[in-house]
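Visitor: coords please:
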Amino acid sequence: MEDIFAKLYDMTAFSNIIADPSFLVMYAIAFILLYLGIKKHYEPLLLVPIAFGVLIANFPGGDMGVIQADENGMVMVGGVMKNVWEMPLHEIAHDLGLMNFIYYMLIKTGFLPPVIFMGVGAMTDFGPMLRNLRLSIFGAAAQLGIFTVLLCAVLMGFTPQEAGALGIIGGADGPTAIFTTIKLAPHLLGPIAIAAYSYMALVPVIIPMVVKLFCTKKELMINMKEQEKLYPSKIEIKNQRVLKIIFPIAVTTVVALFVPTAVPLIGMLMFGNLIKEIGSDTSRLFDAAANSIMNAATIFLGLSVGATMTSEAFLNWTTIGIVIGGFLAFALSITGGIFFVKLFNLFSKKKINPLIGATGLSAVPMASRVCNDIATKYDPKNHVLNYCMSSNISGVIGSAVAAGVLISFLG
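Guide: The predicted model follows:
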């Protein structure tokens, strides 16, 4: 009878959890992420799949965790080291499990990030940026965190490739972070993806914190509509529909000429936007890109990225350094945008609300919504959403171009 109970006990995960309490830490992290996604509504489409991936990957014996290959693509399979890229698909699915199959075939190959960018492009309206084109420069200024943290990471002992992958978290764009890490430091993909998506979800917490540190009440009350009335723009767009169709074609061409390594992201972003702007002739393509394809890609990416976050892979000093460095990159990007606006205001009669600089991240449109909420708290009539979107959208393009530059120089 005792043998039966012993076998029943061994069948459960309790014996492994008692032997290794680090599993409890991972469960706590999964529950916190689920709470933020479900209760606080922080990017639930991203955070819920990632959090659930973390949860199911850390139950001993479930075989749902992703086994990270080394720099040469070698993984341990049944006690034998094998090259995952040389394994047949059915062997990966059978020997390594569902999550490893998704991870290695769809994510680590670099397939899903451009697909998600296509969906983002299909759901993005470049109109606010084109109407306020001068504000898009603040999206470039907000890339400060990427290159600052890159330099700091090198000084701390990371390789230049690892530092580049760490710094790209400052762009606040999960697919860009994944794509860059795949090219530069694939062995760090799990913790970098988790950090990037977690900080994206925490935009409603991080932006107000940085804004409170560096912005005065007077600055936050700058009313952009009043500034437009005082100093009206001399540029008038006569045919916006034509411009919105030409824009993605022109941007793709320019980026392809100057930063070819950014084309997989920028090209797919602009293609998604183009099929949206063309209208009824490509409506079926737009619907697929913005809905079914985008939703499926988000599910696969979220679950499998979360499944990389096992106790062995996450609870170490390298990962802790990545989490800390990622936060600094994120905060510095927000700070860079704010201070560039402050510098601009010193030399311009037409003042700009520093919240527009704070949205130079790629977290569209959450960053813009958060900054608009901050502005309306100080003045209920001061709606800055459209102006923030100009910087916010340019931040998406800026971070993808920055990723291309890093891949070109460090890859």
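Visitor: what residues does stretch 78-96 touch?
Guide: Under the criterion CB atoms under 8 Å, 6 or more residues apart in numbering, residues 67, 69, 72-77, 100-101, 104-105 lie in contact with stretch 78-96. The C-beta positions use only the backbone N, C-alpha and C, and glycine is treated the same way.
Visitor: which helix is the longest one in this protein?
Guide: For the chain, the longest helix by residue count, based on DSSP state H, is helix 317-347.
Visitor: which parts of the stretch 1-150 of the chain are strands?
Guide: Remark: strands assigned in the stretch 1-150 of the chain by DSSP state E, counting those that start in this stretch are 74-77, 80-83.
Visitor: so what's residue 345 closest to, chain neighbours aside?
Guide: Closest residue to residue 345 apart from its sequence neighbours, by CB to CB, 6 or more residues apart in numbering: residue 351 at 5.2 Å.
Visitor: so the one you found makes contact with residue 228?
Guide: No: between residue 351 and residue 228 there is no contact under CB atoms under 8 Å: 11.0 Å.
Visitor: who's more crowded, those two?
Guide: More crowded of residue 351 and residue 228, by other CB atoms under 10 Å: residue 351, with 17 against 13.
Visitor: among the contacts of stretch 78-96, who's most crowded?
Guide: residue 100 (27 neighbours).
Visitor: contact partners for that residue?
Guide: 66-67, 92.
Visitor: what's the closest of those to residue 112?
Guide: residue 66 (14.0 Å; CB to CB).
Visitor: wait, isn't the closest one in contact with residue 54?
Guide: No: counting by CB under 8 Å, residue 66 does not reach residue 54; the two are 10.9 Å apart.
Visitor: which residues do the two both contact?
Guide: Shared contacts of residue 66 and residue 54 (CB under 8 Å, 6+ apart): residue 307.
Visitor: among the contacts of stretch 78-96, name the least confidently predicted one.
Guide: Lowest pLDDT within those is found at residue 72 (74).
Visitor: excluding its backbone neighbours, what's nearest that one?
Guide: residue 83 (7.3 Å).
Visitor: which stretches in the stretch 101-250 of the chain count as helices?
Guide: 112-122, 127-131, 137-141, 144-155, 160-167, 174-184, 189-201, 203-214, 217-220, 224-230, 240-258 (DSSP state H, counting those that start in this stretch).
Visitor: closest to residue 328 out of those?
Guide: helix 144-155 (5.6 Å).
Visitor: buried set for that closest one?
Guide: 144-150, 152-154 (16 or more other CB atoms under 10 Å).
Visitor: so what's residue 216 up against?
Guide: Per CB under 8 Å, 6+ apart, neighbours of residue 216: none.
Visitor: show me what the longest helix of the chain is packed up against.
Guide: Applying 3 or more CB pairs under 8 Å, 6 or more residues apart in numbering; DSSP states H and E, we find helix 317-347 packed against helix 137-141, helix 144-155, helix 160-167, helix 189-201, helix 203-214, helix 354-358.
Visitor: okay, now residue 141: neighbour count?
Guide: 23.
Visitor: skip the chain neighbours and tell me the closest residue to it.
Guide: Residue 141 sits nearest to residue 340 (CB to CB, 6+ apart), 3.6 Å away.
Visitor: contacts only, for the one you found.
Guide: Residue 340 sits next to 137-138, 141-142, 357 when contact means CB under 8 Å, 6+ apart.
Visitor: which of the residues you listed are buried?
Guide: Buried among the contacts of residue 340 (16+ other CB under 10 Å): 137-138, 141-142, 357.
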